[in-house]
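1. coords please:
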Amino acid sequence: MTAPRDGAPADRPVSVRPALTAAWLDLVLLNYAVSPDALRPYVPAGTELDTYEGTTYVSVVGFRFARTRVFGVAVPGHVNFEEVNLRFYVGRPASEGWRRGVVFIREMVPRRAIAWTARAWYNEPYRTLPMRHDIARRADGWPVSVRYQWRRGTTWEGLSARTDREPAPFAAGSEEAFIAEHYWGYTRQRDGSTIEYRVAHPRWRAATASEARLDADVRALYGAPFDTVLGTEPRSAFIADGSPVTVYRPVRLPDDGARSSRA
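-> Predicted coordinates for the structure are as follows:
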């Protein structure tokens, strides 16, 4: 292991044992600017808010799971399904540099076993609801219109996006790259500690959305202050193709008693 950079705590070994393998496909990402104060209560110990050009973001993300295996096992009825999550962005210094990661405020899936496993192993805030999706593709398979929906009570809610742009890899240093290219996850545990887990996947292609909508009772779904934030037009939105992914088993961060400061 290399020596940590200035101000970085010593790293614990990263797990090389996969917890989940799947493909994340046909992603829709709606991104909203938010006050840092709104997110600070959710920041796990040992991490700090990450920003893009001084702006703090939350994102509502919908996508398809495909070919899912949990601890190497394909669970019948839990292989292909939808997920919609609300997330924000953090980071922490490590020996190799700045580890950029995501924190989830709420995740929705239609499969109870997936939600149970994520809560049990990661303490992730999953909720199980009926879900569905509708995707229109052009001849080469690229998704030009994507909609994800979930049902609360008798009401179907959802998010959607359309694009008429050509897909392309994320430009280095772009807002889209900042939003999509996070390869770590961080979750606060019940005892106040933090777990860190690695997410591995190749780079995606994306296209800026020409239309994007979130149709939901946001106050009932996410509560304050997100009802105000998500009640406005997204600052940006795009569709990404996705890829196979591997989510590795979590490692608990050292209890150093303080959050780190970014150099």
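2. Relative to the whole chain's centre, how far out is stretch 213-224?
-> 17 Å (C-alpha atoms, centre = their mean, to the nearest Å).
3. okay, how far is it across it, tip to tip?
-> 20 Å (C-alpha to C-alpha, to the nearest Å).
4. Name the residues of it that are buried.
-> Residues of stretch 213-224 classed as buried: 213-214, 216, 218, 221-222 (neighbour count, 16 or more other C-beta atoms under 10 Å). Heads up, the C-betas are built off the backbone N, CA and C, glycines and all.
5. Next up, the contacts around A168.
-> Residues near A168 by C-beta atoms under 8 Å, 6 or more residues apart in numbering: 205-207.
6. Which of the buried residues of stretch 213-224 fall in helices?
-> Of the positions in these, 218, 221-222 sit in helices, assigned by DSSP state H.
7. could I get these as CSV with pLDDT?
-> Below are those laid out as CSV (pLDDT from 0 to 100):
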residue, pLDDT
V218, 94
L221, 93
Y222, 93
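8. Looking at the residues you listed, spot the one nearest A74.
-> Within these, distances to A74 taken as C-beta to C-beta reach their minimum at L221, with 30.3 Å.
9. nearest residue to S59 other than its sequence neighbours?
-> The shortest distance from S59 to any non-neighbouring residue, by C-beta to C-beta, 6 or more residues apart in numbering, is to N31 (4.8 Å).
10. Not counting its neighbours along the chain, what's nearest R147?
-> Here the nearest residue to R147 in space, its sequence neighbours aside, is S160; by C-beta to C-beta, 6+ apart that works out to 3.9 Å.
11. Could you report the pLDDT at R127?
-> Looking at R127, its pLDDT stands at 88.
12. Just say helix, strand or coil for it.
-> Following DSSP: H, G, I helix; E, B strand; the rest coil, R127 is assigned to strand.
13. What average pLDDT does the host helix or strand of the residue nearest to S59 get?
-> Counting by DSSP states H and E, the element that carries N31 is strand 18-33. Throughout strand 18-33, pLDDT has a mean value of 95.
14. what does stretch 50-59 give?
-> Per-residue pLDDT over stretch 50-59 has a mean of 97.
15. Residues contacting it, please?
-> Outside stretch 50-59, the residues touching it (C-beta under 8 Å, 6+ apart) are 29-36, 39, 49, 86-91, 100-101, 105, 175, 178-179, 226, 229-230, 235.
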